[in-house]
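> I would like the atomic coordinates for the input below:
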Amino acid sequence: MEVIAVKGEKRAALGKKATKALRNDGRIPCVIYGTGNLVHFSVKPLDVRSVIYTPDFHILKIDVDGTSYSAILKDFQQSPLKDNVTHIDFLQIADGHPVKLEIPLRCKGASVGVKSGGKLIQKLRRIKIKAMAENIVNELFIDITTMDLGQSLRVRDIPVPNGIEILNNGSIPAVTIEIPRALRSAAAAADKDTKKKK
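I've put the predicted structure just below:
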């Protein structure tokens, strides 16, 4: 799994005034929480752009004044006016500690139903999992090869590696092959024509 390195600077002062000064200086206030004490620090927006603006999941190695932390992005806040990031929360991870997180769900294979003119609808793009830090994966896959028109695969159909627990309800549809209206109309017309001939 790709690990992204992030460079941070420990915050000398906390509070509204210090936070505002930090943002005016072009930096984003951050916090790491989880297995140890809270770590307050700041980063340059450019250093976390690839972490925030992506559908992918990454484990981060955050260096704060020489101390390294393994972490994942947990949450971030944006300014309602300028849309820029105003604060980031990171969750520290360590072997032997369970973590709850969301990772991408991706389809693999070429569906029989899509080849017949159906439309692939992925209803669930991210999946909630629980795992020990050492068992974390950056994505899960669902095989759509055998899916035909009108069929669905549910959360319970997603293959899960050892050490991973899916937290979403197993009955939720993950992927569906939708029958387009034109194809449905053509099938109905053909059925009607067949009945007439009988």
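> SS state for residue 76?
Under DSSP: H, G, I helix; E, B strand; the rest coil, residue 76 falls in the strand class.
> Which parts of the protein are helices?
16-24, 45-52, 112-115, 181-197 (DSSP state H).
> Now the weakest link among the ones you listed, please, by mean pLDDT.
Per-segment mean pLDDT for the helices of the chain reaches its minimum on helix 181-197, at a mean of 60.
> start to end distance for stretch 115-131?
End-to-end span of stretch 115-131 (CA to CA, to the nearest Å): 36 Å.
> Report the buried residues of that stretch.
Residues 118, 124, 127, 129, 131 are the ones in stretch 115-131 that count as buried (16 or more other CB atoms under 10 Å). For every residue, glycine as well, the C-beta is placed using N, CA and C.
> Where in the chain is the helix or strand with the lowest mean pLDDT?
Scoring the helices and strands of the chain by mean pLDDT, DSSP states H and E places helix 181-197 at the bottom, with a mean of 60.
> Send me stretch 49-66 as PDB with only the CA atoms.
Output of stretch 49-66 as PDB, limited to C-alpha atoms (Å, rounded to 0.1, in the frame of the first residue of the first chain):
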ATOM      1  CA  ARG A  49      -3.800  18.400  -1.500                       C
ATOM      2  CA  SER A  50      -3.300  14.800  -2.800                       C
ATOM      3  CA  VAL A  51      -4.700  13.400   0.500                       C
ATOM      4  CA  ILE A  52      -7.900  15.600   0.700                       C
ATOM      5  CA  TYR A  53      -8.900  15.900  -3.000                       C
ATOM      6  CA  THR A  54      -9.000  12.200  -3.900                       C
ATOM      7  CA  PRO A  55     -11.500   9.300  -3.700                       C
ATOM      8  CA  ASP A  56      -8.500   7.000  -2.800                       C
ATOM      9  CA  PHE A  57      -7.500   5.900   0.700                       C
ATOM     10  CA  HIS A  58      -4.000   6.400   2.000                       C
ATOM     11  CA  ILE A  59      -2.000   5.800   5.100                       C
ATOM     12  CA  LEU A  60       0.100   8.800   6.000                       C
ATOM     13  CA  LYS A  61       3.500   9.100   7.600                       C
ATOM     14  CA  ILE A  62       3.300  12.500   9.300                       C
ATOM     15  CA  ASP A  63       6.600  14.000  10.500                       C
ATOM     16  CA  VAL A  64       6.100  16.700  13.200                       C
ATOM     17  CA  ASP A  65       9.400  18.200  14.200                       C
ATOM     18  CA  GLY A  66      11.200  14.900  13.800                       C
END
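> can you list the weak-confidence ranges in the protein?
In the predicted model, the chain carries pLDDT under 70 at residues 183, 185-198.
> Got the domain ranges for it?
Following automatic domain parsing, one gets these domains for the chain: 3-94, 99-197.
> what about the shortest one, start to end distance?
It stands for domain 3-94. End residues of domain 3-94 are separated by 14 Å (CA to CA).
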